[in-house]
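Enquirer: Below is the sequence, then the predicted model.
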Amino acid sequence: MPSIRLLFLWHMHQPYYKDLVTGQYRLPWVRLHALKDYYGMVKLLDEFPGVHQTFNLVPCLIAQLQDYVSGAARDPFLAVASHPAFQLDFGERLFALQYLFQANADNMIGRYPRYRELWQQYRARPEEAARLVPRLTNNDLTDLQVLSQIAWMDEFFLDDPEIRELVKKGRGYSLEDQEVMVRKQQEFLGKVLPAYAAAAQRGAIEISTSPYYHPILPLVCDTDAGAISHFGLSLPANRFRHPEDAKEQVVRGIDLHEKVFGVRPRGMWPSEGSVSDDALAIAHSAGLNWVASDEGVLGRSMGTSFPRDGSGHLDPAAAAKLYQIFRWEQKDAAVNIIFRDHSLSDLIGFVYSGVPARDAAQDFISRVKASASGVLKSGKDAVVPIILDGENAWESFPQSGREFLRRLYDGIQKDPEFEALTVSEAVDRCPQPQALGSIFPGSWINANFDVWIGAPEDNLAWDHLSAAREFFTANADKVPAPQKALAYEELLIAEGSDWNWWYGPEHHSDNDRDFDDLYRKHLSNVYHALGAAPPDALSQPIAVRRLELQFTPQTAYIHPRVDGRSMGYFDWLGAATHVADRHTSAMHGKLFLLDTGYAGIDEANLYCRVDFMEPLSEWATSETQLAVTVEAIPAEDDVPRLSYRLEATIGDGQLRDWVFGESGHGERSVSGVHVRIKNVFECQIPLVLLQARRSTVLRVRFSLWRDRLPLDALPQEGAIEVKVVPEMELSAEPYAKP
C-alpha cells in the first residue's frame with residue numbers, strides 16, 4: 001500500500017560569533033541553544049524508534065560547540081553570569097541588565113517566579129538600563145545570574161538532580177549555587193555532539209550539512225543572481241562573483257562533518273534553502289547525493305504554483321507535483337532534491353505555539369493526510385518534506401514544545417499510513433525521481449534573495465565585502481602564510497548569510513548593533529591580517545536604528561467565520577498577530593483590557609479580531625467604543641494614503657451599533673462590512689472599500705474609548721501590518737533570530 005513518507009529536517013544553525021583575532025565570543029547563542037534545544041531535539045527520539053528524522057548541523061555551529069566543550073571559548077556573557085556579584089563593577093552590572101533578560105518573557109522568564117520578578121523590576125531599554133544599576137543589590141544580581149542560565153536549560157537537563165535542587169530553591173542563590181550552574185553547563189555542552197553521533201550510528205537519524213559559514217551560495221557565486229530572482233532589484237555597486245569561495249565553503253563543511261562523525265554526509269541543506277544551477281553543480285562536484293529547498297523555488301522552476309483550499313489543504317494536482325523526489329541534471333552533473341511543504345513547515349515554526357499541544361498535533365496530522373490523500377489514491381507514495389529551524393520556534397512553546405512533539409511523534413508512529421524517514425532513506429526507496437533540468441535561483445523565503453540583497457543596507461554590506469575580497473586578492477601573497485590564512489578565514493566568515501539577515505527592512509532584534517559591529521569587525525580583521533589599516537567606512541554602522549517589529553506577520557490567507565465567538569483555534573491560523581506586552585506596562589499601573597489582536601486578508605476581504613483580557617460583561621457595562629483604524633499605504637509614492645475607521649459601540653457587554661468610513665465620515669450598514677461581538681470582537685471589511693490594490697500595506701490598530709477618553713490600545717505603539725499580495729508571496733518570519 002502507498003504511504004506518506006514524512007521527511008522531517010531540523011536545521012540547527014548559529015552564526016559565527018567568535019572574533020578570530022581576540023578569541024572572544026560576541027554573542028552567547030551557541031552556548032544557550034546548546035543547553036536548550038540541540039540535545040533535547042535528538043534525545044527525544046529515543047522514545048519514538050519508529051520516527052526517523054534528518055538533522056542539519058551547520059559546520060560553523062559544530063566548530064563553536066567544540067570550542068565551548070574544550071573550554072577554549074571566551075564568553076563574556078558566561079563570565080558575567082559566573083563571577084561573584086560583589087566583584088562586578090558598574091559596567092559589568094550594566095552588561096548583566098542589558099543581556100541576561102534576553103529570553104522569552106512568558107515561557108522562559110515567566111516559568112521562574114523570581115526571574116519574572118527581577119524582569120519586572122529591572123527590565124528596561126538598553127539606553128535606560130544605566131539608571132537601574134544603582135538599585136541592583138548583590139542578592140538580586142546573583143539570583144539573576146543563576147536563573148538567566150537555568151531558563152535556557154533543556155527539559156532533560158532540568159531533570160538533573162543538582163539542577164532540580166537549584167530550581168526548587170527558587171531564590172537566594174549562593175556562590176556555591178553559581179559554581180554548580182557553571183559546572184553543569186560544561187557537562188551538558190559535552191553531551192550534544194555525542195548524542196547526534198550515537199543516534200546516527202543506530203540509524204535513528206541522518207546528519208546532513210551546510211556550507212561551512214552558512215553563505216547564500218548563489219549570491220557568493222554571483223550577486224547578479226539577485227536580479228534574476230527579482231527582476232529590477234537594486235544591486236550592489238560592485239558585483240561579487242567568487243564561485244571558488246562557494247565551493248570552498250561546501251567542501252570545508254563536508255570535511256568537518258567527516259572528521260566529527262566519521263562518515264561523509266550524503267545531503268546538504270543549502271543555507272536558507274538557496275539554490276541555483278551553479279550551486280547545485282558545486283554540490284555534485286563535492287560528492288553530495290541530495291539537497292533541499294522550498295516549494296516556491298520548485299514552483300518558479302516549473303512555472304506552476306501550489307494552491308491550497310480554505311482549510312489550508314494542498315490541491316491534489318499540486319500535491320502530485322510537490323510530494324515527490326526530483327533529480328536535477330545538467331551536463332555531467334546530477335543531484336537529488338526535495339522541496340519543503342512551506343505551509344506545513346510554517347505551522348510548526350510559527351503557529352502551533354499558541355495552540356494546545358493535543359489540538360496542534362492532531363491538526364498537523366490531519367492536514368498532512370488531507371493534502372497527501374490524492375497522491376495515495378493514485379497509488380503513489382507521497383513524499384512530504386517538513387523543513388524548519390530546529391531551535392528558534394521552541395522558545396515560544398511551553399516547556400520547549402516537548403508535549404507537542406511527543407503527541408506529534410506518537411501519532412505518527414502509531415499511524416500505519418505514515419513512514420517517518422530520513423531523507424536518504426526516502427531517496428534510496430525512489431528508483432526513478434522526477435527529472436528537473438534547471439532550477440530557478442531562489443531561497444525558501446519568497447523564492448528570491450531579497451532578504452540578503454537589494455536594500456541599501458544589504459548592498460552596502462556587499463560592497464564592503466567586495467572591497468575586502470579585492471584587497472585580499474591584491475595583497476594576500478605579500479604576507480606570511482598564517483596571516484594569509486587568517487585573512488581568508490575572515491572573508492569566508494563575512495560571506496555568511498546571517499549578517500545580511502539583520503540588514504534591510506525584514507528582520508530586527510535586540511542584537512542588531514552587535515551583529516553590525518561583528519560583521520564590520522570580521523572585515524576589518526581581513527585588512528589587519530594583511531598588515532593594513534581598514535578603510536574608514538568600516539568604522540561606521542551599516543544598520544540604521546529603527547523600532548522593533550511589534551507583530552507576527554501574516555503567513556497564509558485566512559477565511560474565518562465572523563460570528564464574535566471564535567470557538568475553534570484554527571480559523572485565524574496564519575493571521576498577523578500582536579499580543580499585549582502586559583509585563584512591561586504593568587510596572588506603570590497600566591490597565592489592560594485588550595489582549596491579542598489579529599489581522600489578515602484573503603482574496604477579497606480584510607479580517608480583524610481582538611480578544612479581551614476579561615469578559616465584556618465585567619467592564620463594558622456602560623457605553624464604550626471599540627475602534628479599528630486601518631491606514632491603507634499604496635505601493636506608489638504619488639498615490640495618497642487613506643485612513644478608515646470602524647467604530648463599534650458596546651453597552652452592557654453587547655454590540656449596540658457600528659459605523660464605518662473614511663476617518664471622520666462613518667456610515668451605518670455599509671454593504672460587505674460585518675461586525676460581531678460575543679466573547680471576542682471580529683469584523684470583515686472588503687478590500688475594495690479600502691481601495692487596497694496589490695502591494696498596498698494595511699496598518700491595523702485597535703483602541704478602546706469611554707467618554708472620549710482612551711482606555712486601552714493594541715498595539716501600544718505602531719500597528720499590525722498586512723500586505724495585500726497573493727497568498728504564495730506571504731512571508732513567515734514572526735520571531736527574531738537567533
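Expert: Looks like it arrived, so ask away.
Enquirer: Strands of the stretch 351-500 of the chain, residue ranges please.
Expert: 382-389, 418-420, 434-436 (DSSP state E, counting those that start in this stretch).
Enquirer: Give me the contact list for the longest one.
Expert: Right, strand 382-389. Contacts to strand 382-389, defined as Cβ atoms under 8 Å, 6 or more residues apart in numbering, come from residues 2-13, 269, 273, 292, 294, 319, 323-325, 338-341, 344-346, 348-349, 368, 371-372, 375-376, 423, 426, 430, 444. (C-beta placed from N, C-alpha, C; glycine too.)
Enquirer: try 6 Å
Expert: Strand 382-389 has contacts (Cβ atoms under 6 Å, 6 or more residues apart in numbering) with 4-9, 11, 292, 323-325, 338, 340-341, 344-345, 348-349, 368, 372, 375-376, 426.
Enquirer: Strands - which of those residues land there?
Expert: Ile4, Arg5, Leu6, Leu7, Phe8, Leu9, His11, Ala292, Ile338, Arg340 (DSSP state E).
Enquirer: Can you get me a residue count around the closest residue to the third one other than its chain neighbours?
Expert: It refers to Leu6. The shortest distance from Leu6 to any non-neighbouring residue, by Cβ to Cβ, 6 or more residues apart in numbering, is to Ala420 (4.9 Å). As a burial measure, Ala420 scores 21 neighbours (other Cβ atoms under 10 Å).
Enquirer: Enumerate every residue touching Ala533.
Expert: With contacts defined as Cβ under 6 Å, 6+ apart, Ala533 has no neighbours.
Enquirer: Using CSV, lay out the strands of the stretch 351-500 of the chain together with distance to Ala361.
Expert: Shown next, in CSV, are those (distance: least, Cβ to Cβ, whole Å):
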stretch, distance to Ala361
strand 382-389, 13
strand 418-420, 13
strand 434-436, 31
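Enquirer: want to throw these into a markdown table with mean pLDDT?
Expert: A markdown table is the format used below for the strands of the stretch 351-500 of the chain (pLDDT from 0 to 100):
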| stretch | mean pLDDT |
| --- | --- |
| strand 382-389 | 97 |
| strand 418-420 | 98 |
| strand 434-436 | 97 |
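Enquirer: Packed most tightly, which of these would that be?
Expert: Counting by mean count of other Cβ atoms under 10 Å, strand 382-389 has the highest mean neighbour count of the strands of the stretch 351-500 of the chain, with a mean of 24.
Enquirer: Note down every partner strand of that one and its orientation.
Expert: Paired strands of strand 382-389, with direction, are strand 4-12 (parallel) (DSSP bridges).
Enquirer: Of all the residues in the strand it pairs with, which ones are buried?
Expert: The neighbour-count check on strand 4-12 (16 or more other Cβ atoms under 10 Å) flags Ile4, Arg5, Leu6, Leu7, Phe8, Leu9, Trp10, His11, Met12 as buried.
Enquirer: Please parse the chain into its domains.
Expert: By the assignment in automatic domain parsing, the chain contains the domains 70-190, 456-539, 576-729.
Enquirer: Among those domains, which comes closest to Thr304?
Expert: Thr304 sits nearest to domain 576-729 of all these, at 10.7 Å, using Cβ to Cβ.
Enquirer: Quick one: distance of that closest one to the chain centre.
Expert: Mean-position distance between domain 576-729 and its chain equals 27 Å (Cα atoms, centre = their mean, to the nearest Å).
Enquirer: What's the end-to-end length of it?
Expert: Start and end residues of domain 576-729 are separated by 14 Å (Cα to Cα, to the nearest Å).
Enquirer: Same check on stretch 636-652?
Expert: End-to-end distance for stretch 636-652, by Cα to Cα: 44 Å.
Enquirer: Show residues contacting that stretch.
Expert: Taking Cβ under 6 Å, 6+ apart as the rule, stretch 636-652 contacts 620, 623-633, 655-660, 662-663, 675, 683, 691.
Enquirer: So which of the strands of the stretch 351-500 of the chain is nearest Trp572?
Expert: Closest approach to Trp572 among the strands of the stretch 351-500 of the chain (Cβ to Cβ): strand 382-389, 20.8 Å.
Enquirer: now that closest one, how far from the centre of its chain.
Expert: Centroid separation for strand 382-389 versus its chain: 16 Å, with Cα atoms, centre = their mean.
Enquirer: before we move on, what about stretch 319-329?
Expert: On the basis of Cα atoms, centre = their mean, stretch 319-329 sits 26 Å off its chain's mean C-alpha point.
Enquirer: Quick check: end-to-end length of it?
Expert: Counting by Cα to Cα, you get 23 Å between the two ends of stretch 319-329.
Enquirer: what mean pLDDT does it have?
Expert: For stretch 319-329, mean pLDDT is 98.
Enquirer: Please apply the same query to stretch 665-680.
Expert: pLDDT averaged over stretch 665-680 gives 90.
Enquirer: In that stretch, which residues are buried?
Expert: Under the neighbour-count criterion of 16+ other Cβ under 10 Å, stretch 665-680 has Gly666, Val670, Val673, His674, Val675, Arg676, Ile677, Val680 buried.
Enquirer: On the pLDDT front, check Arg546 for me.
Expert: Looking at Arg546, its pLDDT is 51.
Enquirer: Repeat that for Asp510.
Expert: With respect to pLDDT, Asp510 scores 79.
Enquirer: does it count as helix, strand or coil?
Expert: Classification of Asp510 by DSSP: H, G, I helix; E, B strand; the rest coil places it in coil.
Enquirer: so where is the stretch 601-738 of the chain shaky, pLDDT-wise?
Expert: The stretch 601-738 of the chain contains residues with pLDDT under 70 at 663-664, 707-710, 717, 731-738.
Enquirer: low-confidence ranges in the protein?
Expert: In the chain (pLDDT under 70), the answer is 126-127, 545-550, 567-569, 581-591, 663-664, 707-710, 717, 731-738.
Enquirer: so who does Leu78 touch?
Expert: Residues counted as contacts of Leu78 (Cβ under 6 Å, 6+ apart): none.
Enquirer: will you turn the ones in strands among the contacts of strand 382-389 into JSON lines that also has distance to Gln120?
Expert: Converted to JSON lines, these look like this (distance: Cβ to Cβ, whole Å):
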{"residue": "Ile4", "distance to Gln120": "47"}
{"residue": "Arg5", "distance to Gln120": "48"}
{"residue": "Leu6", "distance to Gln120": "43"}
{"residue": "Leu7", "distance to Gln120": "43"}
{"residue": "Phe8", "distance to Gln120": "38"}
{"residue": "Leu9", "distance to Gln120": "39"}
{"residue": "His11", "distance to Gln120": "35"}
{"residue": "Ala292", "distance to Gln120": "43"}
{"residue": "Ile338", "distance to Gln120": "46"}
{"residue": "Arg340", "distance to Gln120": "40"}
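Enquirer: Mind picking the two most distant members of those?
Expert: Across the ones in strands among the contacts of strand 382-389, the longest distance by Cβ to Cβ is 21.6 Å; it joins Ile4 and His11.
Enquirer: and the gap between the residue nearest to Leu6 and Ser378?
Expert: Ala420 is 22 Å from Ser378, where distance means Cβ to Cβ, to the nearest Å.
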